[in-house]
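Engineer: below are the sequence and a predicted model; questions follow.
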Amino acid sequence: MAHTTKTNRATKHIFIVKEVIPATYTTRVRFQKPRLLTVLCSAFLLIALLHFVIVMHMGKSAPNPCQQLLATTDYTSVVHLQSGKQQMEAGQFVSQLTGGQPSALVQISNIGTQSRLDVYVFGCTLRNHTPTLTTLFSQQGLIQGSASISAANTLIIGEQDTLLPAQAVVVEQPLQQNIYREYAWHNGSLVQVAFPGLYPVASRYEAEQLQQEANNGQPFIWSDPLATAEQMAKDILHWPTAEPQDRFLSDNGITAQVQLVASHVQLTVTLQRLIQHNNQGLWFVTAASTQGITLDESRLNAPVASPILLKGSGALPDGQISVTLFDHTLSPLPQVNASAISVDASGNYTSSLSYPANLANQQGLLLIQSLPPAGSHEMERLLLASVLLA
């Protein structure tokens, strides 16, 4: 009520002042009103002043505490850098790798004959408004190692495959002499994921490099989906030549399906432009199987340790079934031991596939083949699938 009383009194006072103002003074006030040009200038000046205040306020806004922590951290101390034995490579912010959250990629070179590399990804958490450094990813001792961010915003780690025989080093392309592993941000952590391509390469890094070479004018048969599928049949299945019955089933410019025909086999191959989705994009085989046969791939979507349990359906109960494992170079591995594959009367099959521990940490390829008995007119059944060896 006191506030209301003050307001009323002030209002009355104003009214009294207005009542005693002489007419002549009122006339002088009207005569001295600002001109239109003065009003406009004042308005522009006010707008400019407000803009200046806003800009200054934005410029003085507090930086993100996590970004500030990642930018000012002494990583040589965090990783316990050994003077004279290690040196830090240039770090980089990689928030695109961690779902938009502030993070930094740090690489440490180890001075020595094998040029080993240590790779770290650091993030940040806020605890009671205080930023704290966290380690999101760590791998040490990568021989001739590398780390990069793919166009798909995944982390790709590479290292030399020291198990390749001397003759393979001569035959294989330089990129295939390395093992590449891909990590994607999932549920707050970096997890290893499989590259969806089965052929002509088994990693996203190699696929991106092939695409870059194609963009630079290098001709590849991978520019044609049918030619790619036919070459896959020669390299992986050892089919001698392409057949005139090979044909397109569908092609929408990004995904294509073709059918390959051989003696007692009709193979459906799915291809996709995985790296570049235009007319210059290369084609990569993402699936290949005949009708009827399946494989439970739910166990293969994450790194799986030896032995691998294989389960599927659609095998020929009266035929012979075999399993072949290919390494990251898409070469068959002779060291693999597949236990007896059991097939029941309905065609359901199971098998346990063992491989040496030194073959782990790479993406491989599985070939399941079910052959009809001699003299049978049944069609052969086969299936290709990728597998992450842990």
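Structural biologist: Now that the structure is in, tell me what you want to look at. Residues are numbered from 1 along each chain as shown.

Engineer: for the residue nearest to the spatial centre of the chain, what are phi and psi?
Structural biologist: Central residue of the chain (CA atoms, centre = their mean): residue 154, 3.3 Å from the mean position. Main-chain dihedrals, residue 154, degrees, to the nearest 10: phi -120, psi 160.

Engineer: per-residue pLDDT, residue 29?
Structural biologist: Confidence at residue 29, expressed as pLDDT, is 32.

Engineer: kindly apply the preceding question to residue 219 instead.
Structural biologist: Listed pLDDT for residue 219 reads 95.

Engineer: for residue 300, same thing?
Structural biologist: 88.

Engineer: contacting residues for it?
Structural biologist: Contact partners of residue 300, counting by CB atoms under 8 Å, 6 or more residues apart in numbering, are 194, 308, 366, 385-388. In short, each C-beta sits where N, CA and C put it, glycine included.

Engineer: rerun at 6 Å
Structural biologist: residue 387 (CB atoms under 6 Å, 6 or more residues apart in numbering).

Engineer: quick one: end-to-end distance for stretch 268-276.
Structural biologist: 23 Å (CA to CA, to the nearest Å).

Engineer: state the mean pLDDT of that stretch.
Structural biologist: 98.

Engineer: surely the residue nearest to the centre of the chain meets residue 186?
Structural biologist: No - using CB atoms under 6 Å, residue 154 makes no contact with residue 186, being 10.4 Å away.

Engineer: which strand or helix spans the nearest residue to residue 68 once chain neighbours are set aside?
Structural biologist: Nearest non-adjacent residue to residue 68, counting by CB to CB, 6 or more residues apart in numbering: residue 131, 7.4 Å away. Assigning secondary structure by DSSP states H and E places residue 131 in strand 130-143.

Engineer: that strand pairs with which strands, parallel or anti?
Structural biologist: strand 116-127 (antiparallel) (DSSP bridges).

Engineer: point out where the stretch 151-300 of the chain drops to low pLDDT.
Structural biologist: The model of the stretch 151-300 of the chain has pLDDT under 70 over residues 166-174.

Engineer: break down it into its strands, ranges please.
Structural biologist: Ranges of strands in the stretch 151-300 of the chain, per DSSP state E, counting those that start in this stretch, are 155-160, 178-186, 189-193, 247-251, 255-262, 265-272, 284-289, 294-295.

Engineer: looking at the ones you listed, which is nearest to residue 68?
Structural biologist: Closest to residue 68 of the strands of the stretch 151-300 of the chain is strand 178-186 (CB to CB; 22.1 Å).

Engineer: for that closest one, enumerate the helices and strands it packs against.
Structural biologist: With contacts defined as 3 or more CB pairs under 6 Å, 6 or more residues apart in numbering; DSSP states H and E, the packing partners of strand 178-186 are strand 155-160, strand 189-193.

Engineer: so how far is that strand from its chain's centroid?
Structural biologist: 8 Å (CA atoms, centre = their mean, to the nearest Å).

Engineer: contacts for it, please.
Structural biologist: 98-99, 154-161, 190, 192-193, 203-205, 328, 362.

Engineer: what angle do it and strand 116-127 make?
Structural biologist: Put simply, strand 178-186 runs at 10 degrees to strand 116-127, going by axes from the mean of the first three to the mean of the last three CA atoms, to 10 degrees.

Engineer: tell me how far the residue lying closest to residue 229 once chain neighbours are set aside lies from residue 382.
Structural biologist: Leaving aside its chain neighbours, residue 229 sits nearest to residue 269 (4.1 Å; criterion: CB to CB, 6+ apart). Distance, residue 269 to residue 382, by CB to CB, to the nearest Å: 11 Å.

Engineer: of those two, which one has the most company?
Structural biologist: The neighbour count for residue 269 versus residue 382, taken as other CB atoms under 10 Å, is higher for residue 269 (26 against 20).

Engineer: measure residue 369 to residue 322 for me?
Structural biologist: 5 Å.

Engineer: in stretch 317-333, what counts as buried?
Structural biologist: By 16 or more other CB atoms under 10 Å, the buried positions in stretch 317-333 come out as 319, 321, 323-331.

Engineer: among the residues you listed, which lie within strands?
Structural biologist: 321, 323-326 (DSSP state E).

Engineer: what number of residues lie near residue 195?
Structural biologist: Based on other CB under 10 Å, the number of other residues close to residue 195 is 25.

Engineer: who is residue 143 paired with across the strands?
Structural biologist: Counting by DSSP bridges, residue 143 is bridged to residue 116.

Engineer: I meant to write residue 250 there.
Structural biologist: Using DSSP bridges, the beta-bridge partners of residue 250 come out as residue 257.

Engineer: test my guess that it contacts residue 268.
Structural biologist: No - assessed by CB under 6 Å, residue 250 is found out of contact with residue 268, at 10.4 Å.

Engineer: which of those two has more residues huddled nearby?
Structural biologist: Between residue 250 and residue 268, counting by other CB under 10 Å, residue 268 is the more crowded of the two (15 against 9).

Engineer: how much space between that one and residue 383?
Structural biologist: Relative to residue 383, and taking CB to CB, residue 268 is found at 10 Å.

Engineer: next one: residue 73
Structural biologist: 49 Å.

Engineer: which one of these two has more residues nearby?
Structural biologist: The residue with more neighbours, out of residue 73 and residue 383, is residue 383; 22 against 17, by other CB under 10 Å.

Engineer: just to be sure, that one is in a strand?
Structural biologist: Yes - with DSSP: H, G, I helix; E, B strand; the rest coil as the criterion, residue 383 is part of a strand.

Engineer: what's across from it in the sheet?
Structural biologist: residue 289, residue 368.

Engineer: ok, it - contacts?
Structural biologist: Taking CB under 6 Å, 6+ apart, one finds 289, 293, 295, 368 in contact with residue 383.

Engineer: ok, 10 Å please
Structural biologist: 267, 287-290, 292-295, 297, 312, 314-315, 366-370 (CB atoms under 10 Å, 6 or more residues apart in numbering).

Engineer: now swap in residue 338 and tell me
Structural biologist: 307-308, 310, 321-325, 351-355 are the contacts of residue 338 under CB under 10 Å, 6+ apart.
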